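Visitor: Generate coordinates for the sequence data below:
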Amino acid sequence: MPRPPPVQEWKGNGGIIWCRLVGASGLIIPTLQDPKQPAILRNRGRFFMGEGRKKLGNGHWCNRRLRTWTDHMTAASFFLRSLTLVAGLSPEPWAWCTASPRGLWGRTVSSRSLSLPTSWGAARGCGGTSLIGPSLSPAASYTDSSDDETSPRDKQQKNSKGSSDFCVKNIKQAEFGRREIEIAEQEMPALMALRKRAQGEKPLAGAKIVGCTHITAQTAVLMETLGALGAQCRWAACNIYSTLNEVAAALAESGFPVFAWKGESEDDFWWCIDRCVNVEGWQPNMILDDGGDLTHWIYKKYPNMFKKIKGIVEESVTGVHRLYQLSKAGKLCVPAMNVNDSVTKQKFDNLYCCRESILDGLKRTTDMMFGGKQVVVCGYGEVGKGCCAALKAMGSIVYVTEIDPICALQACMDGFRLVKLNEVIRQVDIVITCTGNKNVVTREHLDRMKNSCIVCNMGHSNTEIDVASLRTPELTWERVRSQVDHVIWPDGKRVVLLAEGRLLNLSCSTVPTFVLSITATTQALALIELYNAPEGRYKQDVYLLPKKMDEYVASLHLPTFDAHLTELTDEQAKYLGLNKNGPFKPNYYRYAPFSY
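Guide: As a prediction, the model looks like this:
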């Protein structure tokens with residue numbers, strides 16, 4: 001179905017469009033009527049605009065269901081441009097066209113927010129306030145959005161304080177990003193509690209932290225908490241697709257040197273990391289990494305920096321593997337804290353986060369129904385367990401591949417069939433990797449997949465799927481929507497590749513903020529521990545977070561559920577041989593698996 005003509009074609013016609021926009025269901029219905037005075041009505045959550053007329057050629061644009069964010073944007077723009085014509089004004093870009101889908105459709109719109117702007121009332125004799133409402137500023141228009149194709153490296157941008165020590169997609173998006181951060185703060189109680197404590201003490205005073213993680217609203221809350229604790233921070237993204245441009249802009253506006261934007265090239269990725277590290281008059285003394293790329297870059301380019309670095313905090317399985325390899329080779333020259341294997345990361349982030357976000361990512365990118373689909377999940381660690389549980393609950397037939405006999409036995413006893421990938425690759429509808437390894441899905445596997453098989457990755461690195469083997473002349477790549485590529489074989493078979501093999505949930509959807517609060521708090525406490533540790537407590541090795549710290553992180557999140565811990569009596573504590581205040585479990589205790 002053709003879309004409405006560009007707004008330039010509507011100028012000077014003098015006609016008026018009548019349309020009905022149904023916000024939640026995504027229907028937009030234009031019709032041709034006699035002109036009447038415009039009026040905004042509200043009827044059972046549907047949006048109406050006064051009747052009018054407009055010659056639209058052969059009468060195209062009938063009923064249409066909006067399927068993607070791009071279609072929602074088109075409908076929103078069409079609706080606002082229609083209002084512009086009713087008011088007798090020249091079409092202008094509108095601020096809320098740059099809002100996120102959640103911000104545009106995810107809230108109830110009252111009749112008060114649907115009154116006409118004062119300038120429109122003057123033009124047409126009807127009063128009112130702003131249609132776009134007080135929460136969305138007209139200063140940031142759609143032309144200021146992330147759709148600008150100019151590379152951020154070629155832009156000269158400054159924040160309101162005059163600083164240009166950052167590189168983001170568009171600093172003008174800062175206002176939208178600030179709202180995202182404020183929303184995330186409501187679901188991150190532990191970090192907010194740490195900020196309150198920081199009013200009296202600054203445990204990170206003098207710390208200069210260089211970070212390389214996913215730059216999301218949740219990361220922004222962590223960064224601002226580290227700043228409140230006394231640290232200076234410089235930040236880059238660990239994934240070229242996971243950065244939220246508006247959040248990066250908000251951080252830059254707040255004075256954080258951030259170098260990241262969504263859709264970086266490989267060269268951009270390393271350039272951003274280098275800009276964080278190679279700074280005149282500023283040298284990091286702490287590293288917060290996700291995947292090990294930042295640590296690897298400093299070892300490769302600036303090894304002398306480790307003379308002043310007190311420690312590394314690493315949160316991903318990929319990065320932890322790289323740290324253990326450095327330690328085994330005798331090349332790890334500072335202490336490192338393994339956050340990935342902490343209880344709070346393994347049992348909450350890796351499980352709950354993936355259990356919810358895997359379905360979100362697949363649904364947003366493919367619109368598929370899960371019931372009856374055959375899925376193979378490669379790896380049955382905590383991430384794999386979360387993915388399997390979610391898909392099983394939706395009625396999918398789930399297979400598991402695993403190298404560890406203990407995890408394999410867990411999969412069997414949880415009701416999943418343990419297979420080798422070669423045994424089911426011809427029949428499955430979805431392949432999900434979550435191992436932290438490389439070449440789990442090879443070109444041979446991809447060649448044998450059935451038509452329209454979906455391939456995605458829930459591990460950290462983009463090496464789990466051998467995407468490079470698909471960049472050959474005989475295969476055709478077709479981008480069908482954002483983060484969705486069809487790789488077409490000569491015989492017409494196509495494989496659906498999501499996010500080019502990178503992390504699905506952070507590239508294609510969102511993740512639960514509350515769960516990330518647990519991990520972010522663990523990271524903050526690990527930084528505090530390493531930074532303030534007396535000399536000699538930690539050697540040049542990889543360490544797990546102390547159990548007492550894990551328990552403290554968990555306790556900070558219990559008030560959200562109005563939960564009340566039972567306290568041991570002196571007699572009970574003596575009987576168990578425990579301190580009344582913990583830790584309550586030894587370091588080797590693994591905690592019972594969750595029931596699904």
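Visitor: Next, find the distance separating the residue nearest the centre of the chain from His460.
Guide: Nearest residue to the geometric centre of the chain (C-alpha atoms, centre = their mean): Leu506, 3.8 Å. Shown here: Leu506 relative to His460, a distance of 10 Å by C-beta to C-beta, to the nearest Å. Any C-beta I mention is one placed from the backbone N, CA and C, and that applies to glycine too.
Visitor: do the same with Glu253
Guide: Here the criterion is C-beta to C-beta. By it, Glu253 lies 29 Å from His460.
Visitor: Between those two, tell me which one has more neighbours.
Guide: His460 (27 against 23; other C-beta atoms under 10 Å).
Visitor: Give me the buried positions along stretch 269-283.
Guide: Buried residues in stretch 269-283, counted by 16 or more other C-beta atoms under 10 Å: 269, 272-277, 283.
Visitor: Asn245: which of those is nearest?
Guide: The shortest approach to Asn245 among the buried residues of stretch 269-283 belongs to Cys272, at 13.4 Å (C-beta to C-beta).
Visitor: Just list the residues touching the nearest residue to that closest one once chain neighbours are set aside, thanks.
Guide: Using C-beta to C-beta, 6 or more residues apart in numbering and skipping the chain neighbours, the partner closest in space to Cys272 is Phe259 (3.8 Å). For Phe259, the contacting residues are 166-168, 234-236, 271-273, 275-276, taking C-beta atoms under 8 Å, 6 or more residues apart in numbering as the criterion.
Visitor: quick one: the strands in the stretch 101-250 of the chain?
Guide: Listed in chain order, the strands of the stretch 101-250 of the chain (DSSP state E, counting those that start in this stretch) span 208-213, 232-237.
Visitor: Ok, which of those strands comes nearest Ala554?
Guide: Ranking the strands of the stretch 101-250 of the chain by their distance to Ala554 (criterion: C-beta to C-beta) puts strand 208-213 first, at 21.7 Å.
Visitor: What's the separation between Asp341 and Tyr324?
Guide: Relative to Tyr324, Asp341 is positioned 11 Å away (C-beta to C-beta).
Visitor: same check, this time on Ile240
Guide: 26 Å.
Visitor: Neighbour count: these two, which is higher?
Guide: Each of Ile240 and Tyr324 has its neighbours counted (other C-beta under 10 Å); Ile240 has more, 21 against 15.
Visitor: any idea how far the more buried one is from Cys456?
Guide: Taking C-beta to C-beta as the measure, Ile240 and Cys456 are separated by 16 Å.
Visitor: Number of residues surrounding Gln157?
Guide: Residue crowding around Gln157 was assessed by other C-beta under 10 Å; the count is 16.
Visitor: Revised request: answer the last question for Leu251.
Guide: 29.
Visitor: Go ahead and confirm it touches Met223.
Guide: Yes - the pair Leu251 / Met223 is scored as a contact, 6.4 Å apart, by C-beta atoms under 8 Å.
Visitor: Return every residue with contacts to both of those two.
Guide: Trp235.
Visitor: In the chain, where is pLDDT below threshold?
Guide: In the prediction, the chain carries residues with pLDDT under 70 at positions 1-148, 592-596.
Visitor: before we move on, the earlier item: would you mind putting the buried residues of stretch 269-283 into TSV with secondary structure and distance to Glu201 alongside?
Guide: As requested, those are exported to TSV (DSSP: H, G, I helix; E, B strand; the rest coil; distance: C-beta to C-beta, whole Å):
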residue	secondary structure	distance to Glu201
Phe269	helix	36
Cys272	helix	33
Ile273	helix	31
Asp274	helix	34
Arg275	helix	32
Cys276	helix	27
Val277	helix	29
Gln283	coil	25
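Visitor: start to end distance for stretch 448-459?
Guide: Counting by C-alpha to C-alpha, to the nearest Å, the length from the leading to the trailing residue of stretch 448-459 is 23 Å.
Visitor: buried stuff in it?
Guide: Residues 449, 453-459 are the ones in stretch 448-459 that count as buried (16+ other C-beta under 10 Å).
Visitor: And stretch 556-574, by the same measure?
Guide: Neighbour-count burial for stretch 556-574, with 16+ other C-beta under 10 Å as criterion, is recorded at 556-557, 568.
Visitor: Let me know the closest of these to Gly386.
Guide: Proximity of the buried residues of stretch 556-574 to Gly386 (C-beta to C-beta) peaks at His557, which lies at 18.3 Å.
Visitor: For Val210, see how far away the closest one is.
Guide: 28 Å.
Visitor: could you pull out the helices for the stretch 401-550 of the chain?
Guide: Applying DSSP state H, counting those that start in this stretch to the stretch 401-550 of the chain gives helices spanning 405-413, 421-424, 443-448, 504-508, 513-532, 547-557.
Visitor: okay, those helices, which one's buried deepest?
Guide: Across the helices of the stretch 401-550 of the chain, averaging neighbours per residue (mean count of other C-beta atoms under 10 Å) puts helix 504-508 on top, at a mean of 25.
Visitor: for that one, packing partners?
Guide: The criterion is 3 or more C-beta pairs under 8 Å, 6 or more residues apart in numbering; DSSP states H and E, and the helices and strands that helix 504-508 contacts are helix 354-366, strand 494-498.
Visitor: 6 Å - rerun?
Guide: Applying 3 or more C-beta pairs under 6 Å, 6 or more residues apart in numbering; DSSP states H and E, we find helix 504-508 packed against helix 354-366.
Visitor: mind listing what's buried in the helix it packs on?
Guide: The neighbour-count criterion (16+ other C-beta under 10 Å) identifies 354-362, 364-366 as the buried residues of helix 354-366.
Visitor: Stretch 174-186 now?
Guide: Counting neighbours by 16+ other C-beta under 10 Å, one finds that the buried residues in stretch 174-186 are 174-181, 184-185.
Visitor: what's in contact with it?
Guide: Taking C-beta atoms under 6 Å, 6 or more residues apart in numbering as the criterion, the residues outside stretch 174-186 that touch it are 137, 217-218, 220-221, 246-247, 249-250, 253, 513.
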